[in-house]
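Peer 1: below is the structure, and that's it, no one-letter string:
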């Protein structure tokens, strides 16, 4: 390997541990800086977002409201209780101190011997592959996205999860023969991205939000169909938007409660308005909801008022990319690079150090997954 | 057309009408005996089952507990109230007097000019295509299944819906790469058929029933895995059966309540027992429930304890047969004919005339869809 700059021997890395006595422990470990293998590069992680998809591993569904902290401010140890039913589901990770963080960005400061790895030396890259909440990360070169000259780590930090998820929704729509989309929690960073993609690509999109100010936010960004689930006219508004767009595919970030079922029911009602004659099993048009998040952990409640041609499934980015194939994935990645500071721009409300990410205030804030609030960790700040 | 026997000019036919003032009206209409078109045959319907899949059209989700009857015993008119939310879903059928009945069997007493129709003249056939609750039915010859010499109408009456649904479950399992099945309401006629098919074909099957006597019934029929949802050990028993069978596909006749979600959760637990290491999004094994009935009309409640690789969808026979293609459908139909009185034998607890099907006692009994209770209409008795 090649070492352009002097590297420290050790580094700090955020760790999440579930103990056998039913507690979550978050801390910063001091670990050796890894040496990249032949096909790996060593990235100095300068920015890594806290995405909803990081929280399961990080917080282990612990009761963070009851969390306590000890130790100095720059080396805190946070402890929070975990309920018994949750512990049962976590059996496979008990007593393992796990690194966290799905994606990040930074400069490649060392590289393995392979030409692909060497080609990235000195480049600013975005990358996925876990363990991004630490000062350095050795990662397979194929998991890096080299960013254009002048791109900052902050600009590149979220270039995988949200952009590829938003693009994956539109690709899924095309692959499965739908012609419009519904998206819940639509005012999120991801939702705003999806809105920009759909506007650019001419894809009819129904944005479902939960507050009037989120309606305004999306309308300012050119969104055509925005419906607010907090209003009394929600179901009528949603049905009208579904009739106007013909959308029969929804991506739901919320999961719990009645919303997913309401979307299916309103899709069926919108289809019925255009139908002629009675069909005893409901319409023959397939209506689909993909649940890709769990903002609401309560049970999903489906009042099956939508006939028999319906489906509800979990959706995850990684298996989707596998289904899309390497050529398709490369096409999506290229679009992300080309439009990184426009279509795929992310906004952060809080930048924190590794220790700052473990302050009780920060934990309680990002655990709520409130739309509009987004944390960025700067591990080397 | 060719007429081997003198046919009456008119016949009785059961009708279901939803009136605009929110009532269901069931009656017997007197209508002309149809003349078969070129590709049709005229079947004298001697036996037609009341399947759960008939009840939506027949009873329109009316409150049959509050039904009243008027008219003579052999020509009753039954009326029952329909709630406002149900009426909204029935808008497309209001004020149309609809014939009912998905399948039946009888002798072909007249045939159109086409060779396919002529070939069926005088044959005992099972058939689908609707309007089977009447004395005669003109039906496309391709919807008829000619039955072997000596087959009775009673033996042939249920040769489509249940047999092809049960076979369709096994075919779906194979098409989608699963290697075992779960079936709910497994003591039904359909469930007993599925058990016989799975035993013959070596397909691991988990039978879920709701009463101890149903466990005994299925065990007497050779079922290997039978779990009773009324017991306190249900979830443990189900998980153990899922671990033993590796079943990751369920067909659910019930729809409402927690059962479908419990099956997904127990599938995930069974997979986790065999897994090594922690996966933050749950197992990568796709777990699927197809809802093909609605014995429980209450909402489906999913506690999403089964990771992200899951799906729940409606399943209907007709679109499945379309997906299978004509060659596959012919193969299934041939198996039904070959094993009509063994694998695909149906049992009826009550035989009724058309008028008898409209007695309040009968209506209230078949509306409950109790396992073990099954009605057969004899329209020409």
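Peer 2: Received, thanks. Worth saying up front: this structure is predicted, and the values here are computed from it rather than measured. Numbering: from 1, shown residues only, chains lettered A, B, ... in the order given.
Peer 1: wait, residue A:74 touches residue A:356, no?
Peer 2: No. Applying CB atoms under 8 Å, one finds residue A:74 not in contact with residue A:356, separated by 9.1 Å. Where C-beta positions appear, they are placed from N, C-alpha and C, glycine not excepted.
Peer 1: comparing these two, which residue is more hemmed in?
Peer 2: With neighbours defined as other CB atoms under 10 Å in any protein chain shown, residue A:74 and residue A:356 compare such that residue A:356 has more, 18 against 12.
Peer 1: the closest residue to the more buried one other than its chain neighbours: helix or strand, and which one exactly?
Peer 2: Excluding its sequence neighbours, the residue lying closest to residue A:356 (CB to CB, 6 or more residues apart in numbering or on different chains) is residue A:362, at 6.2 Å. For residue A:362, the host element (DSSP states H and E) is helix A:360-367.
Peer 1: then residue A:267?
Peer 2: Per DSSP H and E: helix A:259-274 holds residue A:267.
Peer 1: packing partners for the next helix or strand after that helix?
Peer 2: Using DSSP H and E, the helix or strand that follows helix A:259-274 in sequence is strand A:287-291. Using 3 or more CB pairs under 8 Å, 6 or more residues apart in numbering or on different chains; DSSP states H and E, the elements in contact with strand A:287-291 are strand A:249-252, helix A:259-274, strand A:310-314.
Peer 1: what does strand A:287-291 contact?
Peer 2: Applying CB atoms under 8 Å, 6 or more residues apart in numbering or on different chains, the contact partners of strand A:287-291 are A:169, A:172, A:176, A:178, A:248-252, A:255, A:260, A:263-264, A:267-268, A:271, A:300, A:306, A:309-315, B:304, B:308.
Peer 1: check the offset of that strand from the chain's centre.
Peer 2: 18 Å (CA atoms, centre = their mean, to the nearest Å).
Peer 1: can you map out the helices along chain A?
Peer 2: Counting by DSSP state H, chain A has helices at residues A:52-59, A:84-89, A:115-118, A:153-156, A:161-175, A:189-201, A:212-220, A:234-245, A:259-274, A:317-338, A:360-367.
Peer 1: next, format those helices as JSON lines and append mean pLDDT.
Peer 2: As requested, the helices of chain A are arranged in JSON lines below (pLDDT from 0 to 100):
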{"stretch": "helix A:52-59", "mean pLDDT": "93"}
{"stretch": "helix A:84-89", "mean pLDDT": "84"}
{"stretch": "helix A:115-118", "mean pLDDT": "97"}
{"stretch": "helix A:153-156", "mean pLDDT": "97"}
{"stretch": "helix A:161-175", "mean pLDDT": "97"}
{"stretch": "helix A:189-201", "mean pLDDT": "97"}
{"stretch": "helix A:212-220", "mean pLDDT": "96"}
{"stretch": "helix A:234-245", "mean pLDDT": "97"}
{"stretch": "helix A:259-274", "mean pLDDT": "93"}
{"stretch": "helix A:317-338", "mean pLDDT": "94"}
{"stretch": "helix A:360-367", "mean pLDDT": "96"}
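Peer 1: now those helices as TSV including distance to residue A:24 and mean neighbour count?
Peer 2: Below are those laid out as TSV (distance: least, CB to CB, whole Å; neighbours: other CB atoms under 10 Å in any protein chain shown):
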stretch	distance to residue A:24	mean neighbour count
helix A:52-59	7	20
helix A:84-89	10	14
helix A:115-118	36	17
helix A:153-156	29	22
helix A:161-175	23	22
helix A:189-201	26	21
helix A:212-220	31	15
helix A:234-245	36	19
helix A:259-274	29	22
helix A:317-338	25	15
helix A:360-367	10	17
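Peer 1: tabulate those helices (JSON lines), appending distance to residue B:138.
Peer 2: Shown next, in JSON lines, are the helices of chain A (distance: least, CB to CB, whole Å):
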{"stretch": "helix A:52-59", "distance to residue B:138": "59"}
{"stretch": "helix A:84-89", "distance to residue B:138": "58"}
{"stretch": "helix A:115-118", "distance to residue B:138": "70"}
{"stretch": "helix A:153-156", "distance to residue B:138": "70"}
{"stretch": "helix A:161-175", "distance to residue B:138": "43"}
{"stretch": "helix A:189-201", "distance to residue B:138": "50"}
{"stretch": "helix A:212-220", "distance to residue B:138": "56"}
{"stretch": "helix A:234-245", "distance to residue B:138": "38"}
{"stretch": "helix A:259-274", "distance to residue B:138": "30"}
{"stretch": "helix A:317-338", "distance to residue B:138": "47"}
{"stretch": "helix A:360-367", "distance to residue B:138": "66"}
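Peer 1: compare those and report which one is nearest to residue B:149.
Peer 2: Across those, the minimum distance to residue B:149, taken as CB to CB, is reached by helix A:259-274, at 46.5 Å.
Peer 1: packing partners for the closest one?
Peer 2: So helix A:259-274, by 3+ CB pairs under 8 Å, 6+ apart, packs with strand A:181-184, helix A:234-245, strand A:249-252, strand A:287-291, strand A:296-302, strand A:310-314.
Peer 1: who touches the third one?
Peer 2: Strand A:249-252 is touched from outside by A:169, A:172-173, A:176, A:178, A:180-184, A:259-260, A:263-264, A:267, A:287-293, A:315, with contacts defined as CB under 8 Å, 6+ apart.
Peer 1: what of the first one?
Peer 2: For strand A:181-184, the surrounding residues in contact (CB under 8 Å, 6+ apart) are A:169-170, A:173, A:191, A:194, A:198, A:203-208, A:242, A:247, A:249-254, A:259, A:263, A:267.
Peer 1: got the residues of the stretch 1-150 of chain A near chain B?
Peer 2: A:56, A:57, A:89, A:90, A:91, A:92, A:93, A:96, A:98 (CB under 8 Å from any CB of the partner chain).
Peer 1: ok, now how distant is the nearest residue in space to the fourth one that is not next to it in sequence from residue A:134?
Peer 2: Of all residues not flanking residue A:90 in the chain, residue A:18 sits nearest, at 5.3 Å (CB to CB, 6+ apart). The span separating residue A:18 from residue A:134 equals 19 Å under the rule CB to CB, to the nearest Å.
Peer 1: and for residue A:257?
Peer 2: 36 Å.
Peer 1: those two: which is more packed in?
Peer 2: Higher neighbour count among residue A:257 and residue A:134: residue A:134, with 26 against 15, using other CB under 10 Å.
Peer 1: residues in contact with the more buried one?
Peer 2: A:11, A:12, A:13, A:14, A:31, A:45, A:99, A:101, A:354, A:379.
Peer 1: neighbour count and pLDDT added to those, as a markdown table?
Peer 2: What follows is those, written out as a markdown table (neighbours: other CB atoms under 10 Å in any protein chain shown; pLDDT from 0 to 100):
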| residue | neighbour count | pLDDT |
| --- | --- | --- |
| A:11 | 22 | 98 |
| A:12 | 21 | 98 |
| A:13 | 25 | 98 |
| A:14 | 24 | 98 |
| A:31 | 17 | 97 |
| A:45 | 30 | 98 |
| A:99 | 17 | 97 |
| A:101 | 26 | 97 |
| A:354 | 24 | 98 |
| A:379 | 27 | 97 |
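Peer 1: strands - which of those land there?
Peer 2: Judged by DSSP state E, strands contain the following of the contacts of residue A:134: A:11, A:12, A:13, A:14, A:31, A:45, A:99.
Peer 1: wait, the last one sits on residue A:17?
Peer 2: No. The pair residue A:99 and residue A:17 does not pass the contact test of CB under 8 Å, sitting 10.7 Å apart.
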